[in-house]
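Enquirer: 3D model of this:
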Amino acid sequence: MPKVVSIHSYRGGTGKSNFTANLATTVASLGNRVGVVDTDVPSPGIHNLFCLEPEQMGKTLNNYLWGESPIEEAAYDVSVKTGVESPGKLFLVPSSVKADEIARILKDGYDVKLLNDGFRSLVKALKLDYLFIDTHPGLSKETFLSIAISHVLILILRPDKQDYQGTAITVDVARQLKVRKMLLAINKAHSKLNLEALKQKVEETYSETVAGVFPLSEDMVQLASEGVFCMKYPEHPVSQEFRKVAQQIIEG
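Expert: Presented below is the predicted three-dimensional model:
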């Protein structure tokens, strides 16, 4: 049965899209058929990590939400661009980066139920093993849908007081929505922190499992979203941490 994995954070700037791209690519590189949907419609960006340029995006998630095309027509095979080899496959459904189309979505909104229908259609049409949803930060009806239908919800937080408070709210909401499995991922942990102690503190605070702790990496910053880090630097400690999280998704 295909598994839906939502990647979410209460606040922006946590590295959510970078995390989604690296985790999805890692799972695909292990021989799985993986789809990624960018539902961060107001501020899309994950396409950059998959080296998909705006001029290459004929159809987007927006076109599907407006009833202009099936969602699978907005799915782009980015396997070659990311270095994923057969039998693995990686597909991306991007959101539009055109200012007028973003403005239209913000002004008129869209039928959230369509998203759920689209996810089902995509899984079936592309024969996906995993569907990753890159969400918009914060809490909204779109977020609630993604959380509610997820087999796994990964909440990303930084070691930061605002993130801690926001994550507490999100964990409570996820429990009310009866999410099947929740994992936490700590991102951008600076070098002076004791990572094991940090992991223990976060697990005790939220009574949830920390799937991975990711150090603040200058190497990742230098890549500047031009590609998927774990494929360019497979032996890097950050890439190894993504493999650890991927195994928990696959085995769980």
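Enquirer: ok, which stretches of the stretch 51-200 of the chain are strands?
Expert: 76-77, 89-93, 130-134, 152-157, 182-189 (DSSP state E, counting those that start in this stretch).
Enquirer: what angle sits between the lowest-mean-pLDDT helix or strand in the chain and strand 130-134?
Expert: Using mean pLDDT, DSSP states H and E, the weakest-scoring helix or strand in the chain turns out to be helix 141-149, at a mean of 86. Orientation check (axes from the mean of the first three to the mean of the last three CA atoms, to 10 degrees): helix 141-149 against strand 130-134 gives 150 degrees.
Enquirer: returning to what we had before: okay if I get the strands of the stretch 51-200 of the chain as JSON lines plus distance to Ser69?
Expert: C-beta coordinates here come from the backbone N, C-alpha and C atoms, glycine included. What follows is those, written out as JSON lines (distance: least, CB to CB, whole Å):
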{"stretch": "strand 76-77", "distance to Ser69": "13"}
{"stretch": "strand 89-93", "distance to Ser69": "11"}
{"stretch": "strand 130-134", "distance to Ser69": "19"}
{"stretch": "strand 152-157", "distance to Ser69": "29"}
{"stretch": "strand 182-189", "distance to Ser69": "33"}
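Enquirer: between these, which one is nearest to Met231?
Expert: For the strands of the stretch 51-200 of the chain, distance to Met231 was read as CB to CB. The smallest value, 10.1 Å, belongs to strand 89-93.
Enquirer: Which elements pack onto that closest one?
Expert: On a contact count with 3 or more CB pairs under 8 Å, 6 or more residues apart in numbering; DSSP states H and E, strand 89-93 meets helix 16-29, strand 33-38, strand 76-77, helix 79-82, helix 112-126.
Enquirer: okay, the ones you listed in TSV with mean pLDDT, mean neighbour count and distance to Asp163 next?
Expert: What follows is those, written out as TSV (pLDDT from 0 to 100; neighbours: other CB atoms under 10 Å; distance: least, CB to CB, whole Å):
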stretch	mean pLDDT	mean neighbour count	distance to Asp163
helix 16-29	97	26	12
strand 33-38	98	27	22
strand 76-77	98	16	32
helix 79-82	95	18	28
helix 112-126	94	16	26
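Enquirer: Give the burial count for Val152, as a bare number.
Expert: By other CB atoms under 10 Å, the residues close to Val152 number 20.
Enquirer: typed the wrong thing, it's Tyr10
Expert: Tyr10: 23 neighbours (other CB under 10 Å).
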